[in-house]
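**Q** next comes the sequence, and after it the predicted model I'd like to discuss.
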Amino acid sequence: MHSRALHALLITVTLSFMPAAVRPGVDSPGILASQVSFSSVVPIPASSVAAPGIVHDITTNTAIFADTGAIGIADYLAQKLRTSTGYTLPVRATPGVGGIQLLLTGAPPSVGAQGYQLDVSTDAIVVRANQPAGLFHGVQTLRQLLPVAAEATTVQPGPWPVPGGTIVDQPRFVYRGAMLDVARHFFNVAQVKRYIDQLVLYKVNHLHLHLSDDQGWRIVIDSWPRLATVGGSTAVNRDPGGYYTKAEFSDIVNYAAARFVTIVPEIDMPGHTNAALASYAELNCDGNAPPLYTGTRVGFSSLCVSLPLTYTFVDDVVRELTALTPGPYFHIGGDEASSTTPADYTTFVNRAQGIVAGHGKTVSGWHDVVNADELPSTVLQYWNTSGTNNAVAAAAARGTKVIMSPASKAYLDMKYQNSTRLGLKWAGLIEVQTAYEWDPATFLTGVGEASVLGVEGPLWSETIRTSADIEFMAFPRLPALMELAWSPRSTHSWTGFQQRLGAQGPRWRVMGMNYYQSRQITWPEGS
Ligand code: NGO
């Protein structure tokens, strides 16, 4: 047998892994290989047919041909692969012959706006999509079909085989999200970008930033400057505070947009507002500013619902923040307003929704906002642990869309086990299987497939302080959630997922990521 064909059959090249951190370029050759095949892609594609014996090698002669509208994606892919392969991988306008082709023609209509078709033959690697977002998702699949060494930050020896076959793939749900709480602990621009880079590998397309809470206000609002300078000065446990300037926030928005991720800004109201109330005495009903807060209690603060200035404040904040965020959503929080009377809560949420709509955005909110009069367009984010919520079910029956983040399944801040150093456990322990074994379309009675906009994994940061902490809690549970959000239910299989997920471990190591080495998963030796 020809040695390349043998390679294709044995594309499972398992070399040894060092137990310590991988040092690409130092430890290699010998450590940067993995089991890569169509069956190691996460989320599992909607359909795939492998072509045994076929392989396409990326070589020093490979060029990337891209249609107009796909050049940016080609540059993104080229940059990644140049770093590890050392090849020039020129990006050229189509038409071209061979190489990697990123085309905005010829994809089946059935893959919609976010799906793609990937064909790998001896001659070429061709990704086709109807929209650039689909091409980008196809490129993420292609990354997972390359040896893990392709993710290295230094030049590796190769070879760079991609297994042959065809994938036709599109998402089950249009909204696939992650939430990062930058209020309890602040994460700077570089840390957020790092997380975005990790998220897109699993086809996340929304990053919800929880920008304000009792313990910190994280975005400059020019008309209320003390929000950032005073309210942003603290964090949980008296750890360092921080905030984004408008330029920094725009930098995050643009970085995300270039990766087909929409930023969803959240200003949590009317509760969870101590940082704002501490910054401006005049926002308080009694005219006195409370002290800044660095504990972790919830439910003690409220904006002053009867005060006209409250709505000037909300309007200013929403106006300035929507000017920075091109995406359709503005998240108004609305959770745990236990210091606000039910009547005041309704008054406030109704007015806040009007303000957000007046600035041209769709309201999203924690599902508690169903207790006010939610607008038909308002999206509810369900976060409780119960499988029954009559008010949310009634809203769904009226056509309201729901993002599923049930805390007992999707909260990335819950501990994996009792002994997990980080995290909380009020919603239970969430091992990988627990994060995987539920169905977003049946979890909540009365909220079926058609009512579910998507799935989001919230990472609250009471106990999370570093990128290593973020990664430990999100990986591998976030990929589990994204398989629920992307892959058709018919593909759901815990045993299959255990294998697929295991194959990601070596990739994370090469990417320099931290992750939780769950015993429920078969990790390749040493990963
Ligand atoms: C709750 C609470 C947050 C906490 C989180 C911790 C929601 C929507 N409100 O979720 O303030 O940080 O739990 O798990």
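**A** That came through, no problem.
**Q** ok, the residue of the stretch 351-500 of the chain found nearest the ligand - how many residues close by?
**A** With CB to the nearest ligand atom, the shortest gap between the stretch 351-500 of the chain and the ligand falls at W460, namely 3.6 Å. To be clear about C-beta, it is placed using only N, CA and C from the backbone, and glycine gets the same treatment. W460 has 23 neighbouring residues, counting by other CB atoms under 10 Å.
**Q** let me see the contact set for it.
**A** Listed by CB atoms under 8 Å, 6 or more residues apart in numbering, the contact partners of W460 are D181, R184, H210, Y411, D413, L424.
**Q** now with 6 Å, please.
**A** For W460, the contact set (CB atoms under 6 Å, 6 or more residues apart in numbering) comprises D181, D413.
**Q** ditto for V139
**A** Residues counted as contacts of V139 (CB under 6 Å, 6+ apart) are I73, L77.
**Q** give me the element it is part of.
**A** Following DSSP states H and E, one finds V139 within helix 132-145.
**Q** okay, the angle between the next helix or strand after that helix and helix 132-145?
**A** Going down the chain from helix 132-145, the next helix or strand is strand 160-169, by DSSP H and E. Angle of strand 160-169 versus helix 132-145, following axes from the mean of the first three to the mean of the last three CA atoms, to 10 degrees, is 140 degrees.
**Q** paired strands for strand 160-169, with orientation please.
**A** strand 47-58 (antiparallel), strand 116-120 (antiparallel) (DSSP bridges).
**Q** of the ones you listed, which is nearest L478?
**A** strand 116-120 (21.2 Å; CB to CB).
**Q** tell me the mean pLDDT for the closest one?
**A** Averaged across strand 116-120, the pLDDT comes to 98.
**Q** same question for stretch 160-171.
**A** Across stretch 160-171, the average pLDDT comes to 97.
**Q** mind starting the numbering at 59 from now?
**A** Happy to do that; since the first residue is 59 now, the last one works out to stretch 218-229.
**Q** distance of A305 relative to I277?
**A** Using CB to CB, to the nearest Å, we find A305 at a distance of 12 Å from I277.
**Q** more neighbours: which of the two?
**A** Neighbour tally, A305 and I277, criterion other CB under 10 Å: the higher count belongs to I277, 24 against 10.
**Q** I figured that one was touching Y302, is that so?
**A** Yes: I277 is within contact range of Y302, at 5.3 Å (criterion: CB atoms under 6 Å).
**Q** and of the strands paired with strand 218-227, who's closest to the ligand?
**A** Evaluated over these, closeness to the ligand peaks at strand 174-178, with 33.6 Å, by CB to the nearest ligand atom.
**Q** okay, angle between the helix or strand just after that closest one and strand 105-116 too, please.
**A** Heading C-terminal from strand 174-178, the first helix or strand you meet, by DSSP H and E, is strand 182-186. Strand 182-186 and strand 105-116 are oriented at 130 degrees to each other (the same axes, to 10 degrees).
**Q** quick check: the residue of the stretch 359-508 of the chain nearest the ligand.
**A** Residue of the stretch 359-508 of the chain nearest the ligand, by CB to the nearest ligand atom: D393 (3.9 Å).
**Q** err, the stretch 209-358 of the chain, not the other one
**A** Here the stretch 209-358 of the chain gets closest to the ligand at one residue, V356, 4.9 Å apart by CB to the nearest ligand atom.
**Q** hang on, the earlier thing: hey, which of the strands paired with strand 218-227 is tucked in deepest?
**A** strand 174-178 (a mean of 25; mean count of other CB atoms under 10 Å).
**Q** with only the CA atoms kept, save that one in PDB.
**A** Extracted C-alpha coordinates of strand 174-178, given in PDB (Å, rounded to 0.1, in the frame of the first residue of the first chain):
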ATOM      1  CA  TYR A 174     -21.600  24.600   5.200                       C
ATOM      2  CA  GLN A 175     -20.500  21.700   3.100                       C
ATOM      3  CA  LEU A 176     -16.900  20.500   3.300                       C
ATOM      4  CA  ASP A 177     -15.400  18.200   0.700                       C
ATOM      5  CA  VAL A 178     -12.000  16.800   1.100                       C
END
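**Q** that strand: how far from the chain's middle?
**A** Computed by CA atoms, centre = their mean, to the nearest Å, the chain-centroid distance of strand 174-178 equals 24 Å.
**Q** residues making contact with it?
**A** With CB under 6 Å, 6+ apart as the criterion, strand 174-178 contacts 114, 165, 184-187, 192, 195-196, 199, 220, 222-226.
**Q** can we see that at 8 Å?
**A** 109, 112-114, 164-166, 169, 183-187, 192-193, 195-196, 199-200, 203, 220-228.
**Q** hmm, which of these are the buried ones?
**A** Among the contacts of strand 174-178, the ones that count as buried by 16 or more other CB atoms under 10 Å are 109, 112-114, 165, 169, 183-187, 192-193, 195-196, 199-200, 203, 220-228.
**Q** about what we covered before: so the residue of the stretch 209-358 of the chain closest to the ligand touches E394, yeah?
**A** Yes: using CB atoms under 8 Å as the test, V356 is close enough to E394 to be in contact (5.1 Å).
**Q** what touches both of these two?
**A** Jointly contacting V356 and E394 under the rule CB under 8 Å, 6+ apart are G329, H330.
**Q** okay, those two: which has more neighbours?
**A** Counted by other CB under 10 Å, V356 and E394 do not tie: E394 has more neighbours, with 17 against 14.
**Q** show me the contact partners of the helix or strand harbouring D133.
**A** Taking DSSP H and E as the definition, D133 sits inside helix 129-143. Contact partners of helix 129-143, identified using CB under 8 Å, 6+ apart, comprise 82, 116, 122-124, 145-149, 151, 158, 160, 190, 193-194, 197, 200-201, 204, 207-214, 216, 218, 316-317.
**Q** find the residue closest to F530 in space, skipping its chain neighbours.
**A** Nearest residue to F530 in three dimensions, chain neighbours excluded: N572, at 4.9 Å (CB to CB, 6 or more residues apart in numbering).
**Q** chain center to the helix ranked longest in the chain, what's the gap?
**A** Counting residues, the longest helix found in the chain (DSSP state H) is helix 400-416. Remark: helix 400-416 is offset 28 Å from the chain centroid, using CA atoms, centre = their mean.
**Q** what residues of it count as buried?
**A** The neighbour-count check on helix 400-416 (16+ other CB under 10 Å) flags D402, Y403, T404, T405, F406, V407, R409, A410, Q411, I413, V414, A415 as buried.
**Q** next, format those residues as a markdown table and append pLDDT.
**A** Formatted as a markdown table, the buried residues of helix 400-416 follow (pLDDT from 0 to 100):
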| residue | pLDDT |
| --- | --- |
| D402 | 97 |
| Y403 | 98 |
| T404 | 98 |
| T405 | 98 |
| F406 | 98 |
| V407 | 98 |
| R409 | 98 |
| A410 | 98 |
| Q411 | 98 |
| I413 | 98 |
| V414 | 98 |
| A415 | 98 |
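**Q** with distance to the ligand added, can I get these in JSON lines?
**A** Listed next are those as JSON lines, based on distance: CB to the nearest ligand atom, whole Å:
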{"residue": "D402", "distance to the ligand": "19"}
{"residue": "Y403", "distance to the ligand": "15"}
{"residue": "T404", "distance to the ligand": "19"}
{"residue": "T405", "distance to the ligand": "21"}
{"residue": "F406", "distance to the ligand": "17"}
{"residue": "V407", "distance to the ligand": "15"}
{"residue": "R409", "distance to the ligand": "21"}
{"residue": "A410", "distance to the ligand": "16"}
{"residue": "Q411", "distance to the ligand": "18"}
{"residue": "I413", "distance to the ligand": "21"}
{"residue": "V414", "distance to the ligand": "18"}
{"residue": "A415", "distance to the ligand": "22"}
